[in-house]
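Engineer: need coordinates for the following:
(chains A and B)
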Amino acid sequence: MFKTLLKHVKNYSLPSILTPVCMILEVIFETIIPMCMGLMVTYGIEGNDNTGDMDYILKMGGIMVILVIGALVSGILGAVFGSVASCGLAKNLRKDMYENIQSFSFSNIDKFSTAGLITRLTTDVTNIQNAYQMLLRMAFRAPVSMIFALFMSYLVNVKIANIYLIATIFLSIGLAIIMLNARKYFSKVFEKYDDLNETIQENVNAIRVVKAFVREDYESEELKKAAGNIYKMFVKAENVVIWNSPLMQFTMYVTMIFISWFGAHLVVSTELEVGELLTLFTYCMNILGNLMMFSFVFVMLTLSAASGKRIAEVLNEDSELKDPENPVYEVKDGSVQFKNVCFTYKKGSGKNVLNNINLDIKSGETIGIIGGTGSAKSSLISLINRLYDVTEGELKVGGVNVKDYSMESLRNQVSVVLQKNILFSGSIYDNLRWGNPDATDEECREACNLACADDFIESFPDGYNTRIEQGGTNVSGGQKQRICIARALLKKPKIIIFDDSTSAVDTATDARIRKSLKEAIPGTTKFIIAQRISSVQDADRIIVMEEGEVNGFGTHEELLANNEIYKDVYESQTGANADFDEMKGGAI
Amino acid sequence: MARESKPIQMGRNRGMGPKPKLDHPMKTFLRLVRYSYGRYPIPSVIVFICIIFSTITQIKGMMFLQVLIDDYIKPLTQVDVPDYTGLLHALLKIAILFALAGLSTFTYNKIMVYVAQGTMKKLRIDLFTHMEKLPIKYFDTHSHGDIMSIYTNDIDTTRQMIAQAIIQLVASLVTIIGTFISLLRLSPRLTLVSIAMIGLTFISTRIIAGKSAGFFVSQQKNLGAVNGYIEEMMEGQKVVKVFCREDICEKEFDDLNEELYKTASTAGKLINILGPVNGQLGNLSFVLISIIGGFFAIKGIGGLTIGVLGSYLMLNKSVNMPIMQISQQFNTIVMALAGADRVFKLLDEPVEEDEGYVTLVNAVKENGEIKESEKETGLWAWKHYHKADDTTTYVELKGNVVLDDVDFGYTEEKMVLHNIDIFAKPGQKIAFVGSTGAGKTTITNLINRFYDIQDGKIRYDGINVNKIKKADLRKSLGMVLQDTHLFTGTVMENIRYGKLDATDEEVIAAAKLANAHGFIERLPQGYNTMLKGDAASLSQGQRQLLSIARAAIANPPVLILDEATSSIDTRTEKLVQEGMDKLMSGRTTFVIAHRLSTVKNSDCIMVLEGGHIVERGTHDELIEQKGKYYALYTGMHESA
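Structural biologist: Below is the predicted model of the structure:
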C-alpha cells in the first residue's frame, strides 16, 4: 500500500525529500544549542578561575544565535516544503484516482459503490494528506532528534548517557505495549461505534415508522443499552491509554533523580563540569519528549493506514473493459445480434443473470422489452453498448463484435437513457450538450421537441437557460426523464435504448414521445424497456424476459395469443388492476 | 490518543463549508462545563487538584536543579571528604514528591476517562431520547445528514474538548502561572527578558495566523468546490460513461483540484511556519538568557548563581510549550464549541407537545355499558375524563373519523389544504386520488397528528383528536407508507415491531395475512434472517409485504395506506395487493390510491386538486357526474 501511494508523489518528490532533510537540520541546530550553553557556563561563567570570561560568553552567544537562525531557516523551509509535498500528494492522489475512475467499467463502479468512491476521494485523501505531512515533518524529526541528543550526551559524559539509553529503552517498550494494546481495543470500539451510529441513522430515516407505532420509548431504551455497551468498551480502551503520561513522568523523574545523584558524584570527582550537567539536563527532556512524540506520530500513522488502503484499492483497480488493439471506429448500422449470450455480474458466482440469449434485431426496428424486476431487462441492454462484457457468447452491433469497437465510438453510436438517470448542475443547455458538445441551440430545441420537453422548458422563466440544481432536484421526475431523453437524442445515435425512462411521464405524453421518435428517427434502432404494456405494445417486436431468459419474442398480437406471461401482464394492467395514476393525464 | 480517527461520513461533515460562527461562545462553554463536569462535582474537584499538584511538582523538579547545584554540588566540591547524606535525603524527599505527582497524574487521567465517557454516554442517550420526542416537522425540515453529523462529528469534537482541551488548558494555565512565579523568584530581571520574548511570540503568532486566515477561507471554499464536484460526478459516473464525457470531466476536475492545491499549500505553509518560528523564538529566548544570565552571574548581579541560571533556563524552556499548546488548542476549542452548540441546539429543540388526556384502555361490555378492564379483551375504549363535572366516560373504539372543514399548511404563509371535509364510518374505505402535490399525503399526516391543523376539527369516534393522547391515538392507527423502512434485526423482530409482546405464532399469522409468509419461508434463515441497511437485500415488494405484516400484527381499527407506485414486478404486486386488501377488510381505511381496483371498490373517492376536494363519491357516482374523475378515467383509456 505504501508503495502504491508513494508512486503518486511524482513531481513532489523533491519537497518530499527536502522536508525531512530540513527537519533534521533544524533538530541538529537545536540540539547543539544546549551544548554551547554548557560550554558557556563552564568556560564563560566559571572560566578564568570563576571570575568569568565575558568575551567567551559573547562568542558562544553569537554562535548560539547563528544556530537559532539556522534552525529557524531550516524549520521554515521544512514547513514550506512539508506543506507543498503533502498538498501535492493530495492533489495527485485525487487526480490519479479520478482519472482511474474515469476508466472504470460499470462493474468497477458497482464494486466500490458511489458513496465508497466519494469517501475515498474526499475524507481518505485528507487523512492521507495529514498523515503524510506528519510523516515528513515529525516521523523523521523526532527519532533523529532523540538519537542526536543521545549521541551528544555520549559526547558529554558516557555514564550519564547510559542512564538515558536505559530510560529510552524502558520508555519505548512501555509505550509500545500501551499502544499495541490500545490499538486492539480501539479498533473494536470503532466497529461498535459505527453500529451505534447506524442504529441512530436508521431511526432518523424511519422516524415516521417509529412514531406511527409509538415506539419512541422502546427505541430510547434500546439505545440506552447500546450506549451503555459503548461506554464500557471505551472505558476499557482508554484505561489502557491513560498509562501513557504517568509512564512518561515516571521515567523522566527517575532519570532526573539518577542524574542528580550520579551527576553530583561526577562533578565532585571532577569528571563532569557543572555546565555539562546543565546540558545533560536539557537533553533529558529532549530525548524523552521526542520519544513521546514519536509514539504519537506512530499511532496517527497506523490509524490513517485504513484510508491509505482504501485509496490504494482505487488506484490499483484495473478497468475490466479495455479497448481492443485495432479498434473499429465506425458502427455501420443499428442491427444487434445476441448469440448464445450468457452474463453474470460476478464471475465465478455460479448463477448467471442472463442465460443463453439469442436475438437478431434488424436496424431500425423498435423493440419493446417487458418482464418483472429481476428478470434482467436492464442487464440485457447494458451489454449492447458494452457497459459490461458478456461472460459467454457473442454480441454484435452493426455486424461487428462489440469488443472490437473503440468504446467511445460504440457508446457514441449506442445511446442509453439510464433507468437511474441524473442531471447535473448547470443550465438546461449545458445538460443537453452532454449529448453533443457542439449542438446548436436549434438542435437542442429540436431534440427537446421530440422528447416533448420543449413546452415545459419554455414555460420556465429562464427557458433553456434555467439552472438545474445538483441531481436535478428542481425539476419533477417526469421532466427530468424527458430532458434525459432529449440529451440522449442529441447524440444522433444508430441505436437508442430507453431503460424504463418514461415511468414518471404520463401515458399520453409517453405515447406522444414514441410517436415523434418513430417519425423523426425511423432509421434508429430503438429499445424500450417498460413496466407498462401500453409503452411497448405498438413496438415492432416485444421481448418478454423472465428470470434471465427470453420467454417470448414477437409482436403484440403474437405474444397475446401464445405467451402466458405477456397475457398475464396485459390483463393485469388493463383490467381492474390498472394503474390509476395514469389518470393524471398530462398533469405533469 | 487519536480516538477521533474514524469519522462516519455523511451530510455536513465532508470537510466542506465555512468555519462555524458562534453567537454565545462563553454561554455554550459554561453550559458544556455544567453538563460534563457539573455532573461529577467531587471527581472534577479531585481532577483539578491533581492537575495543579502534578504541574507544580513538575516545576518543582526543574527548580530542584538550582538546589542541587548551589546547595549540594558546589559545596561538595569545596570539601575534601564529601558527605552525600544531605543530598540523599534531599533526593529521597523529591522522589516521594515525584511519586505523588505520578500518582496524581494517573488519578486524574483515570477519573477523566469516567467523566468524559460518562458524559458521552449521557449525551448520546439524552440526544437520542430527545430526538425521538421531536415532532415530524423537525425531521422534515432538517437534512438527515446534518442530524447524523451531530451524533458523529459534533459529539466527537465535544468529547475532545471535555477530555483533552479543557484539561490541557487548565494544565497549561497552571504551568504558565506557576512557572512565572518561579521565574520571578529566581530572577526578576531575567523574567523581563522572558516576558519580552513571550510578547514577541504572541505578536508573531497573531501576524501569521492573521495572514493565513484569508487563505484558510479560500481553501475551505475550494475544498467545498472539489468535494461538491466529486459528489455530483460520482453520483452521475454512469451517465458520464454513457456519454463518453470522461475527458471533459477530468479536465474540469483538474482545474478545481489545482486551485485547491494552490490555496491549501499556501495556507498550510503559513500555519506550518508558526511552529518553527515560535520554537526558535523559544530557543532565542534560551540563548539570550544564557548570555544575559552569564553576564549577571559573572558580575554577581541580583545574586544569580549557576544553579539559578540552570533552573531558570529549564523553566524558561518549559514556559514556551504551554503557550504554544494554548494557541494550538484554541482552534480545537472554537470548533468544539461550534459542535457543542449544535448538540445543545438539538437538545433545546421543543418536543412534540401533547396536551391530550383521553387514553385508550381495554374494555368490556356489561349490560351494554362499557367498563374499563385490566385484561386484554380485544375490545378497546377511549377513557374520557371530563373536568367540568368530574366524571369519566368510556367510548368504544370504532374507527369513526371525521375531518371537519380542515385547513392546513406546513408553514403559516402557504396553505396546502383548504376546507377539507371527510366522514369515514367504521369499516369504510376512503380513497384519495389526484396528481402529485395535490395534498394526498398531507391528509394522512394530519389524522395521526404528525402535523397539527391550523383550522377546523378532526374527530375520532366523536372525540377531538387534540384531546387524545398522541401515543394512544397513534396506537389506534396503522400505517403502511410508500417508502418502507425496516430496521436492522431479524424478519421476526421487524414484524414484531408492530406489537412487541407478540408470540412467534402471532407474527407468522400476521405474515400469512400479509402474504409475506411465502417469501419469508424461502429466505435462507426464514423468520430469523437478519435484515440490514433498510433490508436492502429484499426487493421493494418484499419490503412492502413486511411492512404490511408489521401493521397487521398491531391490529389497529383504522389504517392509513400509501399504495406503492414504484415498479414492483407483476407477481409481487399481486401479492402486495391481496395483502393490503386483506388488511383493509373490516377496518376504516384511508388510502392514497394508485390502483384502479382500490379506487373502484372504495366507499368514497376523494379527488384532490390543489389542496381542495373537488369531487367526492363512489366510482359509479363520479363516473355519472362526468367531471374531473370521469375525464381522468376515460382519458386513461384513450391513451392506453
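
Engineer: what about the stretch 451-588 of chain A, any weak spots by pLDDT?
Structural biologist: Within the stretch 451-588 of chain A, the stretches with pLDDT under 70 are A:471, A:572-588.

Engineer: and the helices in it, which stretches?
Structural biologist: Applying DSSP state H, counting those that start in this stretch to the stretch 451-588 of chain A gives helices spanning A:454-459, A:477-489, A:507-520, A:533-536, A:556-562, A:564-574.

Engineer: give me whichever of these is most buried.
Structural biologist: Across the helices of the stretch 451-588 of chain A, the average number of neighbours (mean count of other CB atoms under 10 Å in any protein chain shown) peaks for helix A:477-489, which reaches a mean of 25. Just so you know, the C-beta spots here come from the backbone N, C-alpha and C atoms, and that holds for glycine as well.

Engineer: tell me what that one is packed against?
Structural biologist: The helices and strands touching helix A:477-489, judged by 3 or more CB pairs under 8 Å, 6 or more residues apart in numbering or on different chains; DSSP states H and E, are strand A:414-417, helix A:428-432, helix A:441-450, helix A:454-459, strand A:495-499, helix A:507-520.

Engineer: and the contacts of the host helix or strand of B:A171?
Structural biologist: In the assignment (DSSP states H and E), B:A171 maps to helix B:166-186. Residues from elsewhere that reach helix B:166-186, judged by CB atoms under 8 Å, 6 or more residues apart in numbering or on different chains: B:33, B:47-48, B:51-52, B:55-56, B:58-59, B:62-63, B:66, B:108, B:112, B:190-191, B:194, B:308, B:311-312, B:315-316, B:318-319, B:321-323, B:325-326, B:329, B:333.

Engineer: also stretch A:432-446?
Structural biologist: Applying CB under 8 Å, 6+ apart, the external contacts of stretch A:432-446 come out as A:415, A:424, A:429, A:447-448, A:454, A:464, A:483, A:486-492, B:239, B:243, B:245, B:248.

Engineer: returning to what we had before: which of the contacts of helix B:166-186 are close to chain A?
Structural biologist: Among the contacts of helix B:166-186, the residues lying close to chain A (CB under 8 Å from any CB of the partner chain) are B:58, B:112, B:318.

Engineer: confirm that the first one sits in a helix.
Structural biologist: Yes. Assigned with DSSP: H, G, I helix; E, B strand; the rest coil, B:Q58 falls within a helix.

Engineer: which residue sits closest to B:M161, ignoring its sequence neighbours?
Structural biologist: B:A336 (3.5 Å; CB to CB, 6 or more residues apart in numbering or on different chains).

Engineer: what does A:D195 give?
Structural biologist: Spatial nearest neighbour of A:D195, excluding adjacent residues (CB to CB, 6+ apart): A:A226 at 7.6 Å.

Engineer: which SSE is immediately downstream of the host helix or strand of that neighbour?
Structural biologist: Assessed by DSSP H and E, A:A226 sits inside helix A:216-241. The helix or strand immediately downstream of helix A:216-241 is helix A:244-268, counting by DSSP H and E.

Engineer: my read: A:A453 touches A:Q481, true?
Structural biologist: No. Using CB atoms under 8 Å, A:A453 is not in contact with A:Q481, being 9.0 Å away.

Engineer: contact partners of the least confident helix or strand in chain A by mean pLDDT?
Structural biologist: Using mean pLDDT, DSSP states H and E, helix A:47-50 stands out as the lowest-scoring helix or strand of chain A, at a mean of 71. Contact with helix A:47-50 is made by A:53, A:56, as judged by CB under 8 Å, 6+ apart.

Engineer: show me what secondary structure element comes after that helix.
Structural biologist: Stepping forward along the backbone from helix A:47-50, the first helix or strand reached (DSSP H and E) is helix A:54-102.

Engineer: the longest helix in chain B is where?
Structural biologist: Ordering each helix of chain B by length in residues (DSSP state H) puts helix B:246-299 first.

Engineer: quick check, that helix touching chain A?
Structural biologist: Yes. Applying CB under 8 Å from any CB, one finds helix B:246-299 in contact with chain A at B:246-250, B:253-254, B:257-258, B:260-261, B:264-266, B:268-269, B:272-273, B:275-277, B:279-280, B:283-284, B:286-288, B:290-291, B:294-295, B:297-299.

Engineer: what helices and strands are in contact with that helix?
Structural biologist: By 3+ CB pairs under 8 Å, 6+ apart, helix B:246-299 packs against helix A:13-39, helix A:54-102, helix B:188-235, helix B:306-348.

Engineer: could you export stretch A:427-438 as PDB, CA atoms only?
Structural biologist: Extracted in PDB, the C-alpha atoms of stretch A:427-438 (Å, rounded to 0.1, in the frame of the first residue of the first chain):
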ATOM      1  CA  SER A 427     -28.300  25.200 -17.400                       C
ATOM      2  CA  ILE A 428     -30.600  23.000 -19.300                       C
ATOM      3  CA  TYR A 429     -28.500  23.800 -22.400                       C
ATOM      4  CA  ASP A 430     -25.400  22.600 -20.500                       C
ATOM      5  CA  ASN A 431     -27.100  19.400 -19.700                       C
ATOM      6  CA  LEU A 432     -28.400  18.800 -23.200                       C
ATOM      7  CA  ARG A 433     -25.000  19.300 -24.600                       C
ATOM      8  CA  TRP A 434     -23.700  16.300 -22.800                       C
ATOM      9  CA  GLY A 435     -25.100  14.500 -25.700                       C
ATOM     10  CA  ASN A 436     -23.200  16.600 -28.200                       C
ATOM     11  CA  PRO A 437     -20.900  19.400 -27.100                       C
ATOM     12  CA  ASP A 438     -21.200  21.200 -30.400                       C
END
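
Engineer: pull out the buried residues from it.
Structural biologist: In terms of neighbour count (16 or more other CB atoms under 10 Å in any protein chain shown), stretch A:427-438 has its buried residues at A:428-436.

Engineer: cool, and stretch B:308-327?
Structural biologist: B:308-327.

Engineer: same deal with stretch B:161-175?
Structural biologist: By neighbour count on 16+ other CB under 10 Å, the buried set for stretch B:161-175 is B:161-172, B:174-175.

Engineer: so for the residue nearest to A:S501 when sequence neighbours are not counted, what's the pLDDT?
Structural biologist: Excluding its sequence neighbours, the residue lying closest to A:S501 (CB to CB, 6+ apart) is A:V417, at 4.0 Å. On pLDDT, A:V417 comes in at 88.
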